[in-house]
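Peer 1: Provide a 3D model corresponding to the input given below.
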Amino acid sequence: MAEPVSIAVDTFGTGQVSDEAIVCAVREIFSCTPKAMIEALDLRKPIYRATSAYGHFGRPEFSWEKTDKVDVLRKAAK
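Peer 2: Numbering: from 1, shown residues only. Below you'll find the predicted structure:
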């Protein structure tokens with residue numbers, strides 16, 4: 001199945017909009033097919049050495065750490 005069966009968001013009560021609104025915005029903004037995620041995150045170029053040192057989360061040089069969709073998501077969730 002190309003599209004995910006479900007997308008879950010849990011802000012643990014800290015969200016300014018409902019978790020359901022965020023899920024709807026994510027579905028609207030992001031294509032979650034495997035092909036689209038590979039292209040969006042530029043995963044065809046192996047970067048094993050860079051990701052194996054110091055972890056692979058919280059480092060702005062990685063494509064999955066970009067926050068360029070914040071304004072679009074904020075607008076879609078309102």
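Peer 1: what is the rounded mean pLDDT of the top helix by length along the chain?
Peer 2: Taking DSSP state H as the criterion, the chain has its longest helix at helix 19-29. Taken as a whole, helix 19-29 has an average pLDDT of 94.
Peer 1: quick one: it to chain centroid distance?
Peer 2: A distance of 11 Å separates the centroid of the chain from that of helix 19-29, by CA atoms, centre = their mean, to the nearest Å.
Peer 1: May I have whatever helix or strand comes next after that helix exported as PDB, CA atoms only?
Peer 2: Reading on from helix 19-29 to the C-terminus, the next helix or strand found by DSSP states H and E is helix 34-40. Provided in PDB are the C-alpha atoms of helix 34-40 (Å, rounded to 0.1, in the frame of the first residue of the first chain):
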ATOM      1  CA  PRO A  34       7.700   5.700   0.000                       C
ATOM      2  CA  LYS A  35       8.700   7.300  -3.300                       C
ATOM      3  CA  ALA A  36       7.800  10.800  -2.200                       C
ATOM      4  CA  MET A  37       9.600  10.400   1.200                       C
ATOM      5  CA  ILE A  38      12.700   9.100  -0.500                       C
ATOM      6  CA  GLU A  39      12.700  12.100  -2.900                       C
ATOM      7  CA  ALA A  40      11.800  14.700  -0.200                       C
END
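Peer 1: Packing partners of the helix or strand just after helix 34-40?
Peer 2: On the C-terminal side of helix 34-40, the closest following helix or strand by DSSP H and E is helix 48-52. Counting contacts by 3 or more CB pairs under 8 Å, 6 or more residues apart in numbering; DSSP states H and E, helix 48-52 packs against no other helix or strand. Just so you know, the C-beta spots here come from the backbone N, C-alpha and C atoms, and that holds for glycine as well.
Peer 1: what's next to the very next helix or strand once past helix 48-52, contact-wise?
Peer 2: Downstream of helix 48-52, the next assigned helix or strand under DSSP H and E is helix 70-77. Contacts to helix 70-77, defined as CB atoms under 8 Å, 6 or more residues apart in numbering, come from residues 17, 21-22, 24-26, 28-29.
Peer 1: For these, give me a markdown table that also has neighbour count and distance to Asp10.
Peer 2: Shown next, in a markdown table, are those (neighbours: other CB atoms under 10 Å; distance: CB to CB, whole Å):
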| residue | neighbour count | distance to Asp10 |
| --- | --- | --- |
| Val17 | 13 | 13 |
| Ala21 | 15 | 13 |
| Ile22 | 19 | 10 |
| Cys24 | 16 | 15 |
| Ala25 | 20 | 15 |
| Val26 | 17 | 13 |
| Glu28 | 11 | 19 |
| Ile29 | 13 | 19 |
